[in-house]
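Enquirer: fold the following and give me the result.
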Amino acid sequence: MEFACAPDLGENGASTPMRTHLALLAALASLAACATAGSPSAAPGPAGPAAAPPARPPDYLAVSRALTEIDAAERRGELGDELHWAEEAERAPEDAAAQFLAVAAQPAIDDRWGGFRDLSLQFTGSALPWVGMARTYVAWRTWDQAEKAVAAALQRDPRCWLAIRVRAELEEARGRAEQARADYQAVLGSDPSDPEAHFGLARLARARGDAAEAHDQAAAALQGAKTLPGAWVILAQLAEEAGDQDGALEYWKGAVEQDPRDRASRTSLARLLGERGDPAAAVDQWRAALEIREDPEALTALADAAKAAGDADEEQRALERLAQLRPSAEQWRRVADVRLAAKDTVGAERAYRRVLDAKPKDEQASLAIGRILQARGDATGAVEMLRAAGAPGREELEALERRLHIEKLARPDVNGLQRAVQALVDRTYRERLATTPSLSGNLRVRVTVDAAGAATTVEVLEDSMHDGDVRACAYWNLRDATFPSDQPGRYSFAFAFRR
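Expert: Residues are numbered from 1 along each chain as shown. Now for the predicted structure:
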């Protein structure tokens, strides 16, 4: 299979549209070359005759170091790096290495592949465009194409050890550890300090369980280039396994610094910071990890770290988001507890009611809501929730009902029941006058009674006093009362309070 198609340079033809101004520069240089050398009849490829390699090969060591720098800039999101290499290419339009590095610095992988393809047509004897395409194919995991591109690079220049390094990465990805190891070692024969080769050997050693060599090779990789986050990761993992938390912490920091978008390193650093007793720093790392990708596990960890750091606002935000992603009674309970601690009783009540939506018989949630309502002055609602709280709320319920003079009334006629309720409501009103001397007004309540004499609904139709205790006394004494049987219907009760 051919990797590239030669541009149609006939009188009615047009070359392939370029994706960037760099590719356009390369195409113009190609056209100039074709004007003197003639139009190519076929694209260069591994199957065709190889063009003679240049008498002076490119400085592959310099190209390798530049690629390391470009890859690091891409991980850190430094867009200015692309401009730097573009300017270098503009100053040297006939320099295959300069053009190659400008294409390698482009942020979009599809654009890089197109640029390398175009360079293979312009610099037909150079191995570098094929190295670039091979790197792209490895990233795409198209092994057969990567293998052919490596072969094409070595066909053009057998001295191109950069192609050997890409082949090593290809073999490693395909699970051919011994071949990959041999190729990485061959690369070190040309450049003993090559960081990518050392890092490749560290990965292979780690995979086969050789901790000592993995450590040595990862350390050697960082000696060549501090910008390889994977080498920092290997050293961090090895340090943790050896119980060296101080060392692991520094290595994880190095990994995050070199690749801020590596979520796994972020979460590892956050976890270790929490274990080391620095929850505030852990909060920062968990937050950064969640910006990369949100998931319930990280939100839970963020909430825990924020709680340990005493950051109630961050804990609340994390818990509320977690409850949205993974709604459950326990998640909403944590939200409610945090809101209650922050004295946000309205928010706490809403969260506890979400607990009851998931677990309608949750006694602790009912108890918490009962306490909130009682503190707010809503004695009617407080009685209802404390009753739902069962045993945990029994003592508080009994105290509240004594204060409100709530009894289980039963009378043979409705008028007798009215008088009994009136007496209890008057007692509650007189007690409330001691704290609110100006208290006065009207209260009108309607009760729906079934054939068995039970009140099925109680509606407050008018309340011009707005006193929670008086209203609750009338409401619950009527709700709990036993009405005359076989007299179902609606009954209205009016209470007038004057000082």
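Enquirer: low-confidence ranges, the chain, go.
Expert: Applying pLDDT under 70 to the chain flags the ranges 1-55.
Enquirer: domain boundaries for it, per the record?
Expert: Following automatic domain parsing, one finds the domains of the chain at 1-187, 327-402, 405-497.
Enquirer: for those domains, give me a markdown table that also has distance to Pro195 and mean neighbour count.
Expert: Just so you know, the C-beta spots here come from the backbone N, C-alpha and C atoms, and that holds for glycine as well. Output for those, formatted as a markdown table (distance: least, CB to CB, whole Å; neighbours: other CB atoms under 10 Å):
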| stretch | distance to Pro195 | mean neighbour count |
| --- | --- | --- |
| domain 1-187 | 6 | 18 |
| domain 327-402 | 45 | 19 |
| domain 405-497 | 73 | 16 |
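Enquirer: distance to Ala289 for the ones you listed - can I get that in JSON lines?
Expert: Shown next, in JSON lines, are the domains of the chain (distance: least, CB to CB, whole Å):
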{"stretch": "domain 1-187", "distance to Ala289": "16"}
{"stretch": "domain 327-402", "distance to Ala289": "19"}
{"stretch": "domain 405-497", "distance to Ala289": "47"}
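Enquirer: nearest to Thr300, of the ones you listed?
Expert: For these, the distance to Thr300 is smallest for domain 327-402, at 8.7 Å, taking CB to CB.
Enquirer: so which of the domains of the chain is nearest Pro229?
Expert: domain 1-187 (6.8 Å).
Enquirer: ok now the closest one, how far from the chain's centre?
Expert: 36 Å (CA atoms, centre = their mean, to the nearest Å).
Enquirer: over to stretch 463-476?
Expert: Taking the mean C-alpha point of stretch 463-476 and that of its whole chain, the gap between them comes to 50 Å (CA atoms, centre = their mean).
Enquirer: same thing with stretch 329-347?
Expert: 23 Å.
Enquirer: all the strands of the stretch 51-200 of the chain, in order from the start?
Expert: Assigned by DSSP state E, counting those that start in this stretch, the stretch 51-200 of the chain shows no strands.
Enquirer: which stretches of it form helices?
Expert: 60-76, 80-91, 96-104, 109-122, 128-140, 143-156, 161-173, 177-190, 195-207 (DSSP state H, counting those that start in this stretch).
Enquirer: and these: which comes nearest Val414?
Expert: helix 60-76 (81.7 Å).
Enquirer: elements contacting that closest one?
Expert: With contacts taken as 3 or more CB pairs under 8 Å, 6 or more residues apart in numbering; DSSP states H and E, helix 60-76 sits against helix 80-91, helix 96-104, helix 161-173, helix 195-207, helix 245-258.
Enquirer: now distance to Ala358 too, for those, in CSV please.
Expert: What follows is these, written out as CSV (distance: least, CB to CB, whole Å):
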stretch, distance to Ala358
helix 80-91, 51
helix 96-104, 54
helix 161-173, 46
helix 195-207, 45
helix 245-258, 37
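Enquirer: so for Glu349, which of those sits nearest?
Expert: helix 245-258 (40.5 Å).
Enquirer: how about the helix or strand following the closest one: buried residues?
Expert: Using DSSP states H and E, the helix or strand that follows helix 245-258 towards the C-terminus is helix 263-275. The neighbour-count criterion (16 or more other CB atoms under 10 Å) identifies 263, 265-274 as the buried residues of helix 263-275.
Enquirer: now do stretch 192-208
Expert: By 16+ other CB under 10 Å, the buried positions in stretch 192-208 come out as 194-206.
Enquirer: contacting residues around that stretch?
Expert: 64, 68, 165, 168-169, 172, 177, 180-181, 184-185, 187-188, 191, 211, 213-218, 220-225, 228, 230-231, 234, 237 (CB atoms under 8 Å, 6 or more residues apart in numbering).
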